[in-house]
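> Structure, please.
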Amino acid sequence: MIDWDDVRYFLAVARGGSVRAAAKSLGVNHSTVLRRIAQLEERLGAHMFEKLPSGYRLTAAGEEVLELANQMEASSHQLETRIFGRDQSARGLLRVTLPPFLATHLLMPDLAEFARLHPDIEMEISSTGEVANLTNREADVAIRIVADRKTLPLNLHGLKGPELFSGIYMSHDRLAAWRAGAPDPIRWIVIDNHGLPVWAREGEVHTTGVPFRTPDAEAQIAAAQQGIGMTKLPCFVGDADPLLVRVPGTDLPMHGTLWLLTQGETRKTKRVRLFTEFVSRRLAAYAPLLAGLSISRD
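Have a look, this model is predicted:
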């Protein structure tokens, strides 16, 4: 009888193209992957991969196994979600994924209150920019910023939330120094390599065009607070920071729409329903803050 775990290792190598990539995705060491693949090949009596300088390539037998392995994986996920969906108790593990800014600068007090209201629900919060695969049960609920509704997978159940706007911010002190004629350059603070947006030059204060890159969102805020330059932030982050101010003459571009996403049978569980209903109410109350309407626009 074929061990499903062996099939998982086979799929990881087939998708990653190497033992190293498979080991990383599965969180195991190199030798464990090799042992599992050898075990599967022995049971099936055929070699699954051909080792090449560029990586591992499926053999003809491996190609046949791949199709069936994908079906096994889909059936396994379907079984898990159906059984999970029958669980109607307000207890157990609840995994939520959301962008870092939303977790640390907006929703953490609400997540804490939900945890206090439901002490038997184990909370696992993944605050990351990576997109979790709800179909593969990497998370139970995803709070995502979506620019285009058409990009949402059709198999996900979506609950639309408020629209999210961004602004251009710099420190109060740096703006005052610029108005006083300080010669220091004002840099554009970024966390990616997309360069300087055209609209960033449309305000009263212009950057030098030389970027200042930071590794993450919190460092981005700290750099702006220190007067290095100006940066784009969600309004609910920039408006709430007493050290920052909106750059005069800049507009508030729409960042996207917040969506609460769940999948299949998972959304029918009591703990998931309780959480989505709770958070959707909180997000609705935050609509003015998210739209940048929480402060007067001078």
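> Only C-alpha atoms from now on, for both contacts and neighbour counts.
Noted.
> Starting from the top strand by length along the chain, tell me which strands it pairs with and how they run.
Looking across the chain with DSSP state E, the single longest strand is strand 156-171. With DSSP bridges as the test, strand 156-171 is paired with strand 229-234 (antiparallel), strand 244-246 (antiparallel), strand 254-263 (antiparallel).
> These: which one's closest to V272?
strand 254-263 (8.3 Å; Cα to Cα).
> which residues make contact with the closest one from outside it?
By Cα atoms under 8 Å, 6 or more residues apart in numbering, the residues outside strand 254-263 that reach it are 134-135, 140-148, 155-166, 234, 276, 280.
> same thing but 6 Å
141-147, 156-166 (Cα atoms under 6 Å, 6 or more residues apart in numbering).
> picking up where we left off before, any chance of JSON lines for the strands paired with strand 156-171, columns mean pLDDT, distance to M170 and mean neighbour count?
Shown next, in JSON lines, are those (pLDDT from 0 to 100; distance: least, Cα to Cα, whole Å; neighbours: other Cα atoms under 10 Å):
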{"stretch": "strand 229-234", "mean pLDDT": "91", "distance to M170": "4", "mean neighbour count": "24"}
{"stretch": "strand 244-246", "mean pLDDT": "95", "distance to M170": "5", "mean neighbour count": "23"}
{"stretch": "strand 254-263", "mean pLDDT": "88", "distance to M170": "18", "mean neighbour count": "20"}
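> CSV for those strands, including distance to F101?
Shown next, in CSV, are those (distance: least, Cα to Cα, whole Å):
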stretch, distance to F101
strand 229-234, 8
strand 244-246, 16
strand 254-263, 13
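> for those, which one sits closest to G17?
Here strand 254-263 is closest among the strands paired with strand 156-171 (Cα to Cα), at 28.7 Å.
> Tell me where the stretch 101-250 of the chain has strands.
121-127, 141-146, 156-171, 187-190, 211-213, 229-234, 244-246 (DSSP state E, counting those that start in this stretch).
> Which of the ones you listed sits closest to L66?
strand 156-171 (25.5 Å).
> between that closest one and strand 141-146, how big is the angle?
60 degrees (axes from the mean of the first three to the mean of the last three Cα atoms, to 10 degrees).
> Please spell out which residues along strand 156-171 are buried.
By neighbour count on 16 or more other Cα atoms under 10 Å, the buried set for strand 156-171 is G158, G161, P162, E163, L164, F165, S166, G167, I168, Y169, M170, S171.
> again with stretch 115-125
Under 16+ other Cα under 10 Å, the buried positions of stretch 115-125 are H118, I121, M123, I125.
> Could you check how far F212 is from L244?
Distance of F212 to L244, computed by Cα to Cα, to the nearest Å: 17 Å.
> Over to V237?
10 Å.
> Ok, F278 next?
31 Å.
> same question, V190
16 Å.
> what are the ranges of the helices in the stretch 51-200 of the chain?
60-85, 100-102, 108-117, 172-179 (DSSP state H, counting those that start in this stretch).
> Specify the stretch among these that is closest to Q220.
Closest of the helices of the stretch 51-200 of the chain to Q220 is helix 100-102, at 11.3 Å (criterion: Cα to Cα).
> Can you tell me which helix or strand of the protein has the lowest average pLDDT?
Within the chain, no helix or strand scores below helix 60-85, which has a mean of 77 by mean pLDDT, DSSP states H and E.
> What average pLDDT does the strand or helix carrying L283 get?
According to DSSP states H and E, L283 maps onto helix 270-285. Model confidence over helix 270-285, given as mean pLDDT, is 92.
> next one: stretch 39-56
88.
> tell me which residues in that stretch are buried?
Residues L40, E41, H47, M48, F49, Y56 are the ones in stretch 39-56 that count as buried (16+ other Cα under 10 Å).
> could the helices of the stretch 51-200 of the chain go into JSON lines alongside distance to P253?
Converted to JSON lines, the helices of the stretch 51-200 of the chain look like this (distance: least, Cα to Cα, whole Å):
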{"stretch": "helix 60-85", "distance to P253": "38"}
{"stretch": "helix 100-102", "distance to P253": "17"}
{"stretch": "helix 108-117", "distance to P253": "25"}
{"stretch": "helix 172-179", "distance to P253": "21"}
